[in-house]
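K.L.:
Have a look; sequence and predicted model below, questions after that.
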Amino acid sequence: MRTKHQRMKAVCAATCLAALAALAFAGSASAKLTGAYAQFSKCPYTNVEVKKCLYSPTEGGEVVLGLKKVPITSTAVLQGGFGKPNKETKFSTFYGSTDGITLSKAPQSVPGGLLGIVPPEKSPPLVKLLSAFFFENALTGVNSTLELAKTASDIKISEAHLAEEIGVALEMPVKVHLENPFLGKSCYVGSSTSPIVFKLTTGFTEPPGPNKQIRGKAGELELFEEGAVLQLKGTELVDNAWSAPTASGCGGILGFLVNPIINSQLGLPAAAGKNTAILKNTVNVASAAAVKLNNEENP
Amino acid sequence: MNRKATRMLLRGILAALMLSAVFAASAGANSWKFEGKALEGKETIVGAAFESSMTIPGLTTKCENFLYKLSIENVGGAGKGSVNELPLYNCTTNSKWCSVASIGAESLPWAAQTKVVSTTNYITIEGVKVSILYAGELCALDETWAIVTGSAGGRIDNTAETATFDATSFKETGTVLKALGSSIEWKGVFPTEAFQTHRLQALTVS
């Protein structure tokens, strides 16, 4: 009986502890970042390796993939944190967003949609027939979405290069998801094993032909929250020296027919010098310690 | 051509010549003068800024000791010079999170020259380069080098014997300083006092 009583006490104590822990957790989860810190809510600032938080919406620009130019009209956000820069390379390790959405998926409408996707003249009659069946109907819109092709830790960022407008400021392995009911759910240009690698600069690019040198810009700097948060407005990250592999996974079981059509239409694979990425951003950076402090001050 | 027409033509040419002479004078170079006499040879000016600050929007950096050493001379009637030294000490920011870990002028000497813009005398300095390393765990610029580069133009006050650098003087001289990809504002008032053979002599630019 005494043992049973003790067991009851232990269960009660454990329950109480669990309830307290839950309350404490709820408390920390409901903490709100304020002012200019609010945008860094998904920054992994509790990780001691993270020294700075990043929130960078891409609000405009364009991506030229082979023969197709896609204007950026829907805002995509790159967010997370990064560590101390390597003294030699000046690159910092990137840490992904706490919700796992390091690069948000922002579908961009492809001008011409599927109507622009036509099989080459020399294609066999069956391909032409299938193409007409799939592409020449009412549901012709195509969206392209830039997605991370690897993990967030494969992103490299250099604050120094970004500010000084020299060298690579942001290296990011990406893939382009082409979306349309007829292309299936897995129609991609680039993959985790063969990604498109953007080496974006705020300075001058050095592309092979036929592309010509273009220039990015760091943007206008302003500091907020007593210097704990900085913002670069009008930042242009550019790269026109990347290559793109062929499309894969398009058309499901009919991929053997659809993939070549997509490749033909987009001009894939597209060698370096035939593609361009111009990302117009607002770059927000905060001290991770300052974000953490703001969180603690606003339970 | 009759006499009247010839006279009018001559008057016109004379007026045009006078105008061009006036224009040439206003656009002409100004030179360094001590006690009203043009400087011959070289002289060294050494001083410390009465006040000086550099502002990136949201962050102002000040140095308690902003010294400079400028050698001057007149070349072909125009005031020239070079900033040879610019030691900066005890620098702080107006942010409670950001401190200045390191600051220093680089790529010295910087070429300087006098200039007249709308009857006002200026000194312009080319090739300015100052590296600033900010620090502070809670500072967004922690471990970030801000490299200030560009050119600077300061207004010369012959009465006060100072050169004042501010937004107006930069605008008037078409000079600009940049750091971290952005234009920055530099304010400073510097005494123009000779240190060698013309010590205690009034230095003017005209």
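P.N.:
Cool, the structure landed. Numbers count the residues shown, from 1 in each chain, chains lettered A, B, ... in the order given.

K.L.:
Quick check: pLDDT value at the residue in chain A positioned nearest to chain B.
P.N.:
As assessed by C-beta to the nearest C-beta, chain B sits closest to A:A218 within chain A, at 2.6 Å. Just so you know, the C-beta spots here come from the backbone N, C-alpha and C atoms, and that holds for glycine as well. Listed pLDDT for A:A218 reads 93.

K.L.:
My read is that it contacts A:I166, right?
P.N.:
No. If you go by C-beta atoms under 8 Å, A:A218 and A:I166 don't touch, sitting 10.0 Å apart.

K.L.:
Which one's more surrounded, those two?
P.N.:
A:A218 (24 against 16; other C-beta atoms under 10 Å in any protein chain shown).

K.L.:
Excluding chain neighbours, give the residue nearest to that one in space.
P.N.:
B:G181 (2.6 Å; C-beta to C-beta, 6 or more residues apart in numbering or on different chains).

K.L.:
what's near enough to touch the one you found?
P.N.:
By C-beta atoms under 8 Å, 6 or more residues apart in numbering or on different chains, the residues touching B:G181 are A:162-165, A:202, A:217-221, A:232.

K.L.:
For the residues you listed, give me CSV that also has distance to A:N86 and secondary structure.
P.N.:
Output for these, formatted as CSV (distance: C-beta to C-beta, whole Å; DSSP: H, G, I helix; E, B strand; the rest coil):
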residue, distance to A:N86, secondary structure
A:L162, 15, helix
A:A163, 16, helix
A:E164, 16, helix
A:E165, 20, coil
A:T202, 19, coil
A:K217, 25, strand
A:A218, 20, coil
A:G219, 24, coil
A:E220, 27, strand
A:L221, 23, strand
A:L232, 22, strand
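
K.L.:
Which two of these have the greatest separation?
P.N.:
A:E164 and A:E220 (15.0 Å; C-beta to C-beta).

K.L.:
Please identify which of those two sits among more neighbours.
P.N.:
A:E164 (21 against 16).

K.L.:
Contact partners for the more buried one?
P.N.:
A:203, A:218, B:147, B:180-181.

K.L.:
What's the local residue count around the closest residue to B:V176 other than its chain neighbours?
P.N.:
Counting by C-beta to C-beta, 6+ apart, B:G150 is the residue found nearest to B:V176 once chain neighbours are left out, at 5.1 Å. With neighbours defined by other C-beta under 10 Å, the count for B:G150 comes to 18.

K.L.:
so who does B:G150 touch?
P.N.:
Applying C-beta under 8 Å, 6+ apart, the residues near B:G150 are B:128, B:175-178.

K.L.:
got the domain boundaries for chain B?
P.N.:
Domains of chain B are assigned by automatic domain parsing as B:1-28, B:31-205.

K.L.:
Quick check: the gap between whichever residue of chain B sits closest to chain A and A:A163.
P.N.:
Here chain B gets closest to chain A at one residue, B:G181, 2.6 Å apart by C-beta to the nearest C-beta. For B:G181, the distance to A:A163 equals 5 Å [C-beta to C-beta, to the nearest Å].

K.L.:
part of a strand, is the residue nearest to B:V176?
P.N.:
Yes. Per DSSP: H, G, I helix; E, B strand; the rest coil, B:G150 lies within a strand segment.

K.L.:
now it, which residues is it bridged with?
P.N.:
With DSSP bridges as the criterion, B:G150 is bridged to B:V128, B:L177.
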